[in-house]
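In: this one's sequence-less:
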DNA sequence: TTTCTAAAGTCAATATAGTTGACATGAGAA
DNA sequence: TTCTCATGTCAACTATATTGACTTTAGAAA
């Protein structure tokens, strides 16, 4: 667990701006950290981290997802998925069972405990977003979304 | 170098939204990737990566910075800084010399080649931001900044 | 001159999050 | 029975970080 978040945060405005968009560029970096900071601390207390949260997040929104589809969505190799996924199964935050008709695939679901943890972690992140959106009102929030969509689709 | 960026990008909208702010939450994730994708590809061609870029970015905006201050701003340990910093010195993208009066510290500066690479990499990121801001106009851009500042300062 | 201290550098061990390649297993389909 | 798909696992590797324990460099103080 890096201790960098706080130290780095202290220096958010300490660099000379060489270009027009340098401030925006830095905000993208510190924005990600700001949004995930509390969620990561919460997860760390449970012995979990970002990869576990990503798995829980996706499975929460795609109950009965097969492992292959999960891999596609996460964009990682099955070997990389292996450890965090098995931890979640061992801890009974996820269940896996063969599909009734498609016996080849295994379907993943959150247990109640898994749902609770997914919600708590995501709530930390949504809380930060909520506070920021409230400060700029509905039109500002819509503008933020529009900007982020354009940026996100750059690939 | 992970191959995940493209695959993950394809699935940006594929999850059911359980909460109001889920879309925003996902946009933060994919926004970071969208902004850094081309810059990372450019850096990879040169055998460099994000840590190198961060060093170049900071030194460009703080010429004659001491190594200790650089560590503080980056928020990493000196052992973690060691490898990428030495690579940049070996490649002559950075110079390091003892300060005239403060002989204890070493002052870092970009060479012309270092400046060029820093600018190219950051230009890729700024280009993505520019395009997105242009689509929403000045007020939208200001709203985006306001939202990100609130989020970034959450620590 | 010796000693103290600050800044930087280095060595080793460890963690985390990923990669590729090769191979094994489980279970339906031909 | 064999083929194939989905999954699981083993091993080796890479990149980016950590902590701890030193050493080196060079000015400051005794």
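Out: That came through fine. Everything quoted here is computed from the prediction, not taken from an experiment.
In: Run through the strands of chain A in chain order.
Out: A:65-66, A:94-98, A:106-110 (DSSP state E).
In: Also compute the angle for the lengthiest helix in chain A relative to strand A:94-98, please.
Out: Determined from DSSP state H, the single longest helix within chain A is helix A:112-152. Calculated by axes from the mean of the first three to the mean of the last three C-alpha atoms, to 10 degrees, helix A:112-152 forms an angle of 90 degrees with strand A:94-98.
In: ok and helix A:112-152 relative to strand A:106-110, angle-wise?
Out: Relative orientation of helix A:112-152 versus strand A:106-110 (the same axes, to 10 degrees): 100 degrees.
In: is helix A:112-152 anywhere near chain B?
Out: Yes - using C-beta under 8 Å from any C-beta of the partner chain, helix A:112-152 reaches chain B at A:122, A:125-126, A:128-133, A:135-136, A:139-141, A:143-152. All C-beta spots, glycine's among them, are computed from the backbone N, C-alpha and C.
In: again, but for stretch A:24-44
Out: Yes - with C-beta under 8 Å from any C-beta as the criterion, chain B is reached by stretch A:24-44 at A:24-25, A:27-35, A:37-38.
In: Just the buried ones out of the residues of helix A:112-152 next to chain B, please.
Out: For those, a burial check counting by 16 or more other C-beta atoms under 10 Å in any protein chain shown picks out A:122, A:125-126, A:128-129, A:132-133, A:136, A:140-141, A:143-152.
In: Restricting to the residues you listed, which residues neighbour DNA strand C?
Out: By C-beta under 7 Å from any atom of the strand, no member of those lies near DNA strand C.
In: Residue A:47: how many residues sit nearby?
Out: Residues near residue A:47, counting by other C-beta atoms under 10 Å in any protein chain shown, number 9.
In: hang on, the earlier thing: packing partners for the longest helix of chain A?
Out: For helix A:112-152, the elements it packs on are helix A:22-45, helix A:50-61, helix B:22-45, helix B:112-152, judged by 3 or more C-beta pairs under 8 Å, 6 or more residues apart in numbering or on different chains; DSSP states H and E.
In: hey, which of these is tucked in deepest?
Out: Mean neighbours per residue, mean count of other C-beta atoms under 10 Å in any protein chain shown, is largest over the helices and strands packed on helix A:112-152 for helix A:50-61, with a mean of 21.
In: Quick check: residue A:57 touching residue A:119?
Out: No - the pair residue A:57 and residue A:119 does not pass the contact test of C-beta atoms under 8 Å, sitting 10.0 Å apart.
In: ok, the spatially closest residue to residue A:146 that is not a sequence neighbour - contacts?
Out: Nearest residue to residue A:146, sequence neighbours excluded (C-beta to C-beta, 6 or more residues apart in numbering or on different chains): residue B:136, at 5.2 Å. Going by C-beta atoms under 8 Å, 6 or more residues apart in numbering or on different chains, residue B:136 touches A:143, A:146-147, B:143-144.
In: Same question for residue A:154.
Out: B:34-35, B:37-38, B:128, B:131.
In: try residue A:48
Out: Counted by C-beta under 8 Å, 6+ apart, residue A:48 has contacts A:87, A:117.
In: how much space between it and DNA strand C?
Out: Between residue A:48 and DNA strand C the computed distance is 8 Å (C-beta to the nearest atom of the strand, to the nearest Å).
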